[in-house]
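Asker: build me a model from this:
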Amino acid sequence: MLPVDVHDAQVRFYHLLAQVEVGEEVVISRNGQPVARLVRFQRQGRRQFGSWKGRIVVDDRFFDALPDEELAPWEP
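Answerer: Coordinates of the predicted model:
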C-alpha cells in the first residue's frame, strides 16, 4: 500500500495509474487522513439468470396482503 498526498497524486497521476495496473494499491490522503483508495479495476463476469435458484427461500406469507395498519402510512 502506497500512501500519497492529494497534491502528489495530482502531479503523479499517470505514474500512480501505472503502479495500480501492476497490482499496487494507492491510498490518497488529505492532511494526513486517508480519503480514497486507488485499486485495479476487476471485471466481473456476466450475470447468469437463475444462478441463485435454490439458495433463497421465500415464505408463502410474502404474497399475503399487508395489514391495514401497515398500509395506512402509504395511502394519501
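Asker: for this protein, which helix is longest?
Answerer: With secondary structure taken from DSSP state H, the chain has its longest helix at helix 13-21.
Asker: for whatever helix or strand comes next after that one, packing partners?
Answerer: Where DSSP states H and E defines the elements, the next helix or strand beyond helix 13-21 is strand 26-30. Strand 26-30 sits against strand 2-5, helix 6-11, helix 13-21, strand 33-38, with contacts defined as 3 or more CB pairs under 8 Å, 6 or more residues apart in numbering; DSSP states H and E. Backbone N, C-alpha and C define where each C-beta goes, glycine included.
Asker: strand 26-30 pairs with which strands?
Answerer: The pairing partners recorded for strand 26-30 under DSSP bridges are strand 2-5 (parallel), strand 33-38 (antiparallel).
Asker: can you list contacts of that strand?
Answerer: The contact list for strand 26-30 (CB atoms under 8 Å, 6 or more residues apart in numbering) reads 1-6, 9, 16, 19-20, 34-39.
Asker: now do the buried residues in that strand.
Answerer: Neighbour-count burial for strand 26-30 flags 26, 28 (criterion: 16 or more other CB atoms under 10 Å).
Asker: what's the answer for stretch 58-69, then?
Answerer: So, applying 16+ other CB under 10 Å, stretch 58-69 has no buried residues.
Asker: extract the CA atoms of that stretch and return them as PDB.
Answerer: Only the C-alpha atoms of stretch 58-69 are listed here, as PDB (Å, rounded to 0.1, in the frame of the first residue of the first chain):
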ATOM      1  CA  VAL A  58     -39.500 -17.000   0.000                       C
ATOM      2  CA  ASP A  59     -42.100 -17.800   2.600                       C
ATOM      3  CA  ASP A  60     -45.700 -18.100   1.300                       C
ATOM      4  CA  ARG A  61     -46.700 -15.300   3.600                       C
ATOM      5  CA  PHE A  62     -44.700 -12.900   1.400                       C
ATOM      6  CA  PHE A  63     -47.600 -12.800  -1.000                       C
ATOM      7  CA  ASP A  64     -50.300 -12.200   1.600                       C
ATOM      8  CA  ALA A  65     -52.000  -8.800   1.800                       C
ATOM      9  CA  LEU A  66     -50.500  -6.300   4.300                       C
ATOM     10  CA  PRO A  67     -52.500  -5.400   7.400                       C
ATOM     11  CA  ASP A  68     -54.400  -2.100   7.300                       C
ATOM     12  CA  GLU A  69     -52.100  -0.500   9.900                       C
END
